[in-house]
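Colleague: Below: sequence and its predicted model.
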Amino acid sequence: MTTTRPGATDTSADVAREIELEQAHVDRVYAELEKASGRAADVEADGLARGRTSRTGDVRDEELTGLFERDALVYAAAKRRSAIEKQYEGLVFGRLDLGEVSTPAADREIRHIGRLGVRDDDYEPLVVDWRAPAAAAFYRATPVDPMGVLRRRVLRCSGSTVVGVEDDLMVPEAPDDIVVVGDGALIAALTRSRGRQMRDIVATIQRHQDEAIRAPSRGITEITGGPGTGKTVVALHRAAYLLYSERRRFESGGILVVGPSAAYTAYIERVLPSLGEDSVALRALGDLVDGVTAVRLDSPEVAAIKGSLRIRRVLSRAASRPPEGAPSELRAFINGHAVRLDSGVLSGIRRHILRSSQHNLAAKQAREELAQAAWKSVRQGDRDQFFDAFDSSRDIDAFVQSWWRQVDPREVLLTLADTDHVLGLARGVLNHEESAALAQSMREAIELGTWSVADVALIDDVSARLGPVQQPEAEERGFYEIEEFDDLSSYGVLDVRAGVDRRDGATSTTSVVTPSTARERLLHGRIERSSSSAHVLVDEAQDLSPMQWRMLARRGRNASWTVVGDAAQASWGDLEEARSARREAYGSQQLREFHMDTNYRNAREIFDYARDVILPLVPDADIPEAVRETGVAPVDRGFEDSPASATDDAVLELLGDVEGSIAVITPARWADRLQHLDGAGEGRVQVIDPLSTKGLEWDATVVVDPDAIVEESPGGVRVLYVVLTRAAHRMTVLRPN
Ligand SMILES: Nc1ncnc2c1ncn2[C@@H]1O[C@H](COP(=O)(O)OP(=O)(O)OP(=O)(O)O)[C@@H](O)[C@H]1O
């Protein structure tokens with residue numbers, strides 16, 4: 001290892017000795033965990049066995065609890081350790097030497113920091129959890145404000161083996177016996193090659209990042225900053241911190257992390273488990289409604305129609321229409337009287353009920369109001385007898401079953417495939433072209449059998465209007481199931497199981513209808529009621545449409561929030577409308593803001609290129625300072641006719657230049673000609689569209705036809721800016737000549 005920093009005093013012998021010292025401590029930690037694991041497993045087995053006989057007085061409850069509590073922490077650590085060691089970097093990653101320069105070596109405190117807390121038999125800490133207050137100095141100490149720290153050390157481990165140490169001195173002169181080795185952990189971490197997934201930064205969190213991570217849980221925490229400033233990774237560490245600091249509240253209430261796409265959730269999914277946390281729900285915007293999964297994107301024009309709050313008026317009108325196939329009048333014989341309720345009366349009842357109730361929860365009320373209206377139309381004979389007869393009438397059962405049947409919110413959306421219907425519903429809200437485009441997009445969904453990401457917020461909106469679909473009551477199942485089977489299957493509702501037909505006592509076989517048509521696929525699965533979370537963490541918040549903010553608000557009614565974004569990277573057009581929908585989602589909670597201004601991702605040469613593209617068009621873009629230089633400028637090259645061979649060449653070069661991942665980012669018009677590169681270089685190369693690169697990064701990128709990217713993207717140059725800020729080390733830009 002070379003001595004490159006002021007204050008560093010190391011030689012190879014120093015480094016080897018320091019590694020040996022740290023290895024001894026790490027070995028002790030693992031030995032303790034091993035012991036605790038065996039001991040706690042015994043306690044657990046023994047405790048369970050004894051617990052079973054506790055009713056006869058073998059062991060008192062508090063003794064049992066005590067046995068568990070004593071080792072619970074270490075046991076949990078031991079269990080997590082093996083998972084962590086298998087997949088992630090070292091369990092112990094830091095050390096603080098605390099004291100004054102004048103403090104004798106024997107009196108200094110040495111504190112090791114790790115992913116989990118571990119104590120020895122005497123309850124002395126061998127490792128302090130990185131989230132504990134005692135670890136804060138590891139992240140916050142600086143030479144200006146050393147917080148009692150003489151030396152901060154980062155340990156690099158491979159499994160349980162220490163392979164390197166990197167020190168920072170917090171005082172001007174180290175005491176004689178303190179060795180300072182390494183090149184600095186941060187730059188070492190940033191220079192390393194990128195894999196397919198984001199890594200945690202627990203060993204190298206910077207002071208300003210730590211402030212955002214440990215900010216109080218209540219209220220709204222907004223984290224802003226330009227590309228690559230660590231907003232995402234900081235927010236994820238904050239989620240882990242909240243679980244540590246208020247575990248009971250956040251583990252039971254749930255933390256929901258929402259990102260733009262499934263590719264993004266796959267990219268970040270390792271970070272929290274690597275910090276020992278696996279109880280956080282990660283969701284893409286297309287996955288927020290249970291029962292629906294969407295990855296398809298609408299055209300920018302259609303996405304704008306579906307994302308703006310105007311669409312709510314259309315949905316409200318659509319959701320208050322009678323379900324498809326509902327009868328328009330009621331004719332029945334009740335208690336010897338002919339009853340006839342025409343469509344005007346039926347519509348009046350529907351309007352009256354929907355003013356104060358959700359459709360799917362109001363079937364009983366609908367039946368009661370029908371009875372009242374029926375009696376009003378007859379007013380002959382005994383009133384009570386009439387109501388009894390109405391109540392037990394099979395004809396009325398059948399009528400209500402169809403007139404006020406349970407409605408799946410997705411069915412309402414499917415009615416929008418009819419242009420004339422949409423034109424009627426959207427009068428005064430959407431113009432003719434917009435209505436036609438909306439209807440066309442629904443027909444596209446039916447053709448493809450998939451919802452778009454923007455549809456999910458509409459489904460959620462209609463779902464909130466209709467209320468959860470009710471299951472028939474248990475004792476009535478046999479009867480209703482047959483009815484339902486006939487009725488719902490015509491709407492493509494699947495997995496309908498026919499059980500026992502109690503009317504004739506015969507047992508029918510269970511039949512499961514598999515998705516066969518696209519329409520059936522769209523209605524497949526059950527929409528579940530959305531559950532509320534204790535904390536909602538939103539990444540790439542600048543891209544959320546107002547309708548998506550409303551969808552999130554339903555999941556965070558009483559939640560605290562962490563919201564991460566950068567306006568210059570926005571792909572949603574109407575920032576003002578989105579801003580006010582966001583404020584509404586926050587409610588009246590207190591807002592706390594953190595701004596990140598250091599770009600840890602892009603080499604300076606790459607970021608300068610991106611900055612020169614965005615600043616002329618978005619002069620107020622939030623421009624961070626890149627910390628790292630490679631000395632290699634991005635390559636700008638032309639191509640004739642097709643980019644295929646120029647891209648092949650660029651990829652080949654980059655495979656030699658970087659060790660890790662490479663992305664070919666292409667507009668739709670060239671995608672087919674470049675698809676052959678996906679998976680090349682033994683899986684290191686990925687071909688991806690511009691919007692899907694949000695939040696992700698690679699060692700190197702090939703950006704194909706930047707002008708076409710601007711033309712094709714809803715956010716124009718802002719999306720190109722996202723694309724140009726995805727590479728850590730190398731970038732090649734290819735343009736048509
Ligand atoms: N303190 C740190 N130590 C090591 N790496 C860091 C640190 N902070 C950030 N990084 C790295 O910088 C890169 C960018 O981080 P991240 O993706 O969180 O940035 P971002 O602000 O969300 O970016 P964007 O808005 O462009 O998507 C990641 O590789 C991350 O691991």
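Modeller: In hand now; what should we look at?

Colleague: quick one: R394 and A363, what's the gap?
Modeller: 16 Å (Cβ to Cβ, to the nearest Å). The C-beta positions use only the backbone N, C-alpha and C, and glycine is treated the same way.

Colleague: Looking at the two, which one has more neighbours?
Modeller: Between R394 and A363, counting by other Cβ atoms under 10 Å, A363 is the more crowded of the two (18 against 8).

Colleague: okay, the more buried one: pLDDT?
Modeller: Each residue has a pLDDT score; the one for A363 is 92.

Colleague: Who are the contact partners of the closest residue to it other than its chain neighbours?
Modeller: Using Cβ to Cβ, 6 or more residues apart in numbering and skipping residues adjacent in sequence, the residue nearest A363 is W404, 5.1 Å away. Going by Cβ atoms under 8 Å, 6 or more residues apart in numbering, W404 touches 323, 326, 359, 362-363, 366-367.

Colleague: so T161 touches Q23, yeah?
Modeller: Yes. Between T161 and Q23 there is a contact under Cβ atoms under 8 Å: 7.2 Å.

Colleague: Give me the more crowded residue out of these two.
Modeller: Q23 (16 against 12).

Colleague: what about the helices in the stretch 201-350 of the chain?
Modeller: In the stretch 201-350 of the chain, the segments counted as helices under DSSP state H, counting those that start in this stretch are 207-213, 231-245, 247-253, 262-268, 271-274, 300-307, 311-319, 343-356.

Colleague: Could I get these in TSV, plus columns for distance to D129?
Modeller: Formatted as TSV, those follow (distance: least, Cβ to Cβ, whole Å):
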stretch	distance to D129
helix 207-213	13
helix 231-245	7
helix 247-253	12
helix 262-268	21
helix 271-274	14
helix 300-307	41
helix 311-319	46
helix 343-356	51
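
Colleague: nearest to D461, of those helices?
Modeller: Of all these, the one in closest proximity to D461, counting by Cβ to Cβ, is helix 311-319 (5.4 Å).

Colleague: what's the closest one packed up against?
Modeller: Helix 311-319 is packed against helix 409-414, helix 419-425, helix 453-466, with contacts defined by 3 or more Cβ pairs under 8 Å, 6 or more residues apart in numbering; DSSP states H and E.

Colleague: So in terms of bridging, what pairs with the residue nearest to the spatial centre of the chain?
Modeller: The residue lying closest to the centre of the chain (Cα atoms, centre = their mean) is V258, at 2.7 Å. In this structure, V258 bridges to R283, V538 when assessed by DSSP bridges.

Colleague: wait, it sits on V536?
Modeller: Yes. Counting by Cβ under 8 Å, V258 sits close enough to V536 to count as a contact (6.9 Å).

Colleague: coming back round to it: adding mean neighbour count, distance to the ligand and mean pLDDT as columns, could you present the helices and strands packed on helix 311-319 in a markdown table?
Modeller: Shown next, in a markdown table, are the helices and strands packed on helix 311-319 (neighbours: other Cβ atoms under 10 Å; distance: least, Cβ to the nearest ligand atom, whole Å; pLDDT from 0 to 100):
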| stretch | mean neighbour count | distance to the ligand | mean pLDDT |
| --- | --- | --- | --- |
| helix 409-414 | 23 | 31 | 95 |
| helix 419-425 | 17 | 37 | 96 |
| helix 453-466 | 24 | 18 | 96 |
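
Colleague: Would you reformat the ones you listed as JSON lines and include distance to Y139?
Modeller: As requested, the helices and strands packed on helix 311-319 are exported to JSON lines (distance: least, Cβ to Cβ, whole Å):
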{"stretch": "helix 409-414", "distance to Y139": "46"}
{"stretch": "helix 419-425", "distance to Y139": "55"}
{"stretch": "helix 453-466", "distance to Y139": "36"}
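
Colleague: quick one, which of those is nearest to R673?
Modeller: Among the helices and strands packed on helix 311-319, the nearest to R673 by Cβ to Cβ is helix 453-466 (26.0 Å).

Colleague: Quick check: what element follows the lowest-mean-pLDDT helix or strand in the chain along the chain?
Modeller: Least confident helix or strand of the chain, by mean pLDDT, DSSP states H and E, is helix 477-489 with a mean of 38. Past helix 477-489, heading to the C-terminal end, the next element that is a helix or strand (DSSP states H and E) is helix 518-522.

Colleague: buried set for that following helix?
Modeller: Under the neighbour-count criterion of 16 or more other Cβ atoms under 10 Å, helix 518-522 has 519-522 buried.

Colleague: Likewise for stretch 124-138?
Modeller: Neighbour-count burial for stretch 124-138, counted by 16+ other Cβ under 10 Å, picks out 126-131, 135, 137-138.

Colleague: Next, count neighbours for I709.
Modeller: Counted by other Cβ under 10 Å, the residues lying close to I709 total 26.

Colleague: right, I mislabeled it, should have said L430
Modeller: L430 sits with 21 neighbouring residues when counted by other Cβ under 10 Å.

Colleague: Just to check, it is in contact with V314?
Modeller: Yes. Proximity of L430 to V314 meets the contact threshold set by Cβ under 8 Å, at 6.8 Å.

Colleague: Quick check, pLDDT for the residue nearest to the centre of the chain.
Modeller: 96.

Colleague: can you pull the contacts of it?
Modeller: Counting by Cβ under 8 Å, 6+ apart, the residues that V258 touches are 283-285, 288, 536-539, 552.

Colleague: pLDDT added to those residues, as TSV?
Modeller: As requested, those are arranged in TSV below (pLDDT from 0 to 100):
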residue	pLDDT
R283	95
A284	95
L285	95
L288	95
V536	96
L537	97
V538	97
D539	96
L552	96
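
Colleague: ok, residues contacting stretch 342-355?
Modeller: Residues outside stretch 342-355 that contact it (Cβ under 8 Å, 6+ apart): 320, 322, 328-330, 359, 362, 365-366, 369-370, 373, 377, 403.

Colleague: Separate out the buried members of these.
Modeller: 320, 322, 330, 359, 362, 366, 369-370, 373, 403.

Colleague: Inside helices: which ones of those?
Modeller: Using DSSP state H, the members of the buried ones among the contacts of stretch 342-355 that fall within helices are 366, 369-370, 373, 403.

Colleague: Secondary structure of Q197: a helix, I assume?
Modeller: No. Counting by DSSP: H, G, I helix; E, B strand; the rest coil, one finds Q197 to be coil, located in no helix.

Colleague: how about it, phi and psi?
Modeller: phi -130, psi 150 (degrees, to the nearest 10).

Colleague: give me the number of residues near it?
Modeller: That count, for Q197 with other Cβ under 10 Å as the rule, works out to 14.

Colleague: Surely it and P273 touch.
Modeller: No. Between Q197 and P273 there is no contact under Cβ under 8 Å: 10.7 Å.

Colleague: if we can go back for a sec, and the contacts of stretch 342-355 as a markdown table, adding distance to R248?
Modeller: Output for the contacts of stretch 342-355, formatted as a markdown table (distance: Cβ to Cβ, whole Å):
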| residue | distance to R248 |
| --- | --- |
| S320 | 42 |
| P322 | 47 |
| S328 | 55 |
| E329 | 57 |
| L330 | 54 |
| H359 | 37 |
| A362 | 37 |
| Q365 | 39 |
| A366 | 43 |
| E369 | 46 |
| L370 | 48 |
| A373 | 52 |
| S377 | 58 |
| W403 | 48 |
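
Colleague: ok, those vs A174, which is closest?
Modeller: Ranked by distance to A174 (Cβ to Cβ), those are led by H359 at 72.8 Å.
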